[in-house]
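*Asks:* Make a model of this:
(one chain, ligands or ions: 2)
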Amino acid sequence: MKTIAAIATPPAEGGIAVIRISGDDAVNIAGRVFRPASDRNIGEMRGYTACYGEIYDGEKRLDDGVLLIYRAPHSYTGEDAAEISCHGGIYTAKRVLSACFTAGAVPAQAGEFTKRALLNGKMSLTQAEAVADVISAQNEQFLLCAKSQQEGALYRRIRAVSEELLTIITLIQAWIDYPDEMEDEFDGELEAGKLRHIVSELEELLASHGEGQLIRDGIPCAIVGRPNAGKSTLMNLLTGTEKSIVTDIEGTTRDIVEETVMLGGLMLRLADCAGIRETEDVVESIGVERMLKKLGEASVVLAVFDSSRPLNEDDERLIEKLDGKRTLCIVNKTDLEERADIAALEQRFVNIVRISAKDPASAKVLEKAVSGIAGIGTLDLTAGFIANERQRICAAEALGHAQKALEALETGVTLDAVGIMCENALDRLYELSGEQVSEAVVDQVFRRFCVGK
Ligand SMILES: Nc1nc2c(ncn2[C@@H]2O[C@H](COP(=O)(O)OP(=O)(O)OP(=O)(O)O)[C@@H](O)[C@H]2O)c(=O)[nH]1
Ligand SMILES: [Mg+2]
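*Replies:* Ligands and ions are numbered 1, 2, ... in the order given. Down below sits the predicted model:
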């Protein structure tokens, strides 16, 4: 395999930039572009050792920097590798990289370092996929999940189910091949029990996909309520900006104002919507339509009620629309005299909080209340989760086959048919973990990566 090189740091100005080289010839190539300040021989440097020196393209001095050597198999890729740290100018890094090409390296493709790590058995496919998730993580919670995935959480989870399936397949096979030599009767109910466990494991695994997406991309959260309830004031409080226009005129917000915030450790995609009411105004009624659409799509709803005015038919209409929605009822304007029937709201909503959106201290109260109701994180994603569409399809197909096998066993279909269905499920799991996967699939996985990783 050719020796590859790429800039591993982002194309931006910074203190240092790192040029990564990997392959059989990595140390030789490093030796051609790097001249140690001491009389050290690069070819004799041991793994995990570094030296300071100057970087050259032929006889042209480019920069000074540090060379770090890795020896196979103790490197990210499992190959001999070298990293040259130079000054972090974009142009300098590009010049050092082109010197590596002159010295014999070829440009690395997107994700090629990680792909080599996979091919050299340094990680499983799901671990390699997690590397891309770690790089693109935008919040603490998702980073934590992606990290445990990178450490093999999903792989271990699939492994456990695969082994359970394999035990059933082996037993069925033995019964088909050597029925006379089996000591006990075939216990269909016992095997069905094992299959039921596999089915429920796979169902739980599939459920982790939606949850993982919410944590990665943010939880869609609609702020709704009647006009003037204080929705935009609340939005501005949570975002710490004046993004939404606030006035005492009813129907101020018409179009949807969106912003992503971190609240109580969760990433929320807030949408400040038009107030709900019957209106003749064409623009405002389009706003109300959009609000209803957002409400439908939201995983979490912040429903704002104005405590200084009696509840009216718009509030009632909203309450009806919240049926079945994960809602935090926010009783706002508690700094004013109370005129709304709060007891009625308390009867209707389990999660209720009283605040004044004008008071900055309310942000803390909301943070606690929101993390309580969001209900995300009921599954422990650090135990492994389905992170992308490729994995989801494999898991869904494995589940389908396992369900069919269970049904066949329960309805007394022949053992070989049950065995085949179990094998189909196992094949899908092997594809999911990457133990049996086509080159085309691997290529597709690495297309998501950046060059240098
Ligand atoms: N006293 C008091 N006034 C508030 C509070 N929250 C909002 N207001 C005021 O209520 C009025 C309406 O606030 P907005 O945030 O624009 O209300 P909205 O729900 O977005 O209204 P629309 O966009 O028209 O649907 C403004 O004058 C705010 O200053 C509060 O907690 N206490
Ligand atoms: Mg508003």
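
*Asks:* Is there contact, residue-wise, from stretch 268-277 to ligand 1?
*Replies:* Yes: Stretch 268-277 comes into contact with ligand 1 (C-beta under 6 Å from any ligand atom), by way of 274-275. Glycine gets a C-beta too; all of them are placed from N, C-alpha and C.

*Asks:* So which bits of the protein are right by ligand 1?
*Replies:* Residues of the chain that fall close to ligand 1, judged by C-beta under 6 Å from any ligand atom: 225, 227-233, 246-248, 250-253, 274-275, 332-333, 335-336, 356-358.

*Asks:* ok, now how distant is the residue at the greatest distance from the centre of the chain from ligand 1?
*Replies:* Computed with C-alpha atoms, centre = their mean, the maximum C-alpha offset from the centroid of the chain is found at residue 180, amounting to 51.1 Å. To ligand 1, residue 180 is 78 Å away according to C-beta to the nearest ligand atom, to the nearest Å.

*Asks:* out of the residues of the chain next to ligand 1, which touch ligand 2?
*Replies:* Counting by C-beta under 5 Å from the ion, 231-232, 252-253 from the residues of the chain next to ligand 1 sit close to ligand 2.

*Asks:* Who wins on neighbours among the residues you listed?
*Replies:* Per-residue neighbour counts (other C-beta atoms under 10 Å) across these peak at residue 231, which has 31 neighbours.

*Asks:* Stretch 56-69 - what's its average pLDDT?
*Replies:* For stretch 56-69, mean pLDDT rounds to 96.

*Asks:* oh sorry, the question was meant for stretch 241-261
*Replies:* Here the average pLDDT along stretch 241-261 is 94.

*Asks:* now swap in stretch 333-346 and tell me
*Replies:* pLDDT averaged over stretch 333-346 gives 96.

*Asks:* buried residues in it?
*Replies:* For stretch 333-346, burial by neighbour count (16 or more other C-beta atoms under 10 Å) applies to 333-334, 340, 342, 345.

*Asks:* Tell me the pLDDT of the residue farthest from the centre of the chain.
*Replies:* Predicted confidence (pLDDT) at residue 180: the value is 77.

*Asks:* likewise residue 375?
*Replies:* 62.

*Asks:* Residue 12 now?
*Replies:* Looking at residue 12, its pLDDT reads 89.

*Asks:* what's the answer for residue 416, then?
*Replies:* What the model reports for residue 416 is a pLDDT of 90.

*Asks:* and it, how many neighbours does it have?
*Replies:* Counted with other C-beta under 10 Å, residue 416 comes out at 12.

*Asks:* contacting residues around the helix or strand encompassing it?
*Replies:* Following DSSP states H and E, one finds residue 416 within helix 415-433. Residues outside helix 415-433 that contact it (C-beta atoms under 8 Å, 6 or more residues apart in numbering) are 124-126, 154-155, 158-159, 161-162, 165-166, 168-169, 172-173, 175-176, 186, 195, 198, 391, 394-395, 397-399, 401-402, 404-405, 408-409, 436-437, 441.

*Asks:* And stretch 35-44, by the same measure?
*Replies:* Stretch 35-44 is contacted from outside by 27-28, 30-31, 34, 51-56, 67, 69, using C-beta under 8 Å, 6+ apart.

*Asks:* now do stretch 444-453
*Replies:* With C-beta under 8 Å, 6+ apart as the test, stretch 444-453 has contacts from 6-9, 20, 107-115, 125, 128-129, 131-132, 135, 390.

*Asks:* which of the residues in it are buried?
*Replies:* By 16+ other C-beta under 10 Å, the buried positions in stretch 444-453 come out as 445-446, 449, 451-453.

*Asks:* check contacts around the closest residue to residue 49 other than its chain neighbours.
*Replies:* Nearest residue to residue 49, sequence neighbours excluded (C-beta to C-beta, 6 or more residues apart in numbering): residue 69, at 5.7 Å. Contact analysis of residue 69 by C-beta under 8 Å, 6+ apart lists 27, 30, 42, 45-50, 81-82.

*Asks:* what sits against the closest residue to residue 433 other than its chain neighbours?
*Replies:* Among residues not flanking residue 433 along the chain, residue 158 sits closest, at 4.5 Å (C-beta to C-beta, 6+ apart). By C-beta under 8 Å, 6+ apart, the contact set of residue 158 is 126, 205, 384, 429, 432-433.
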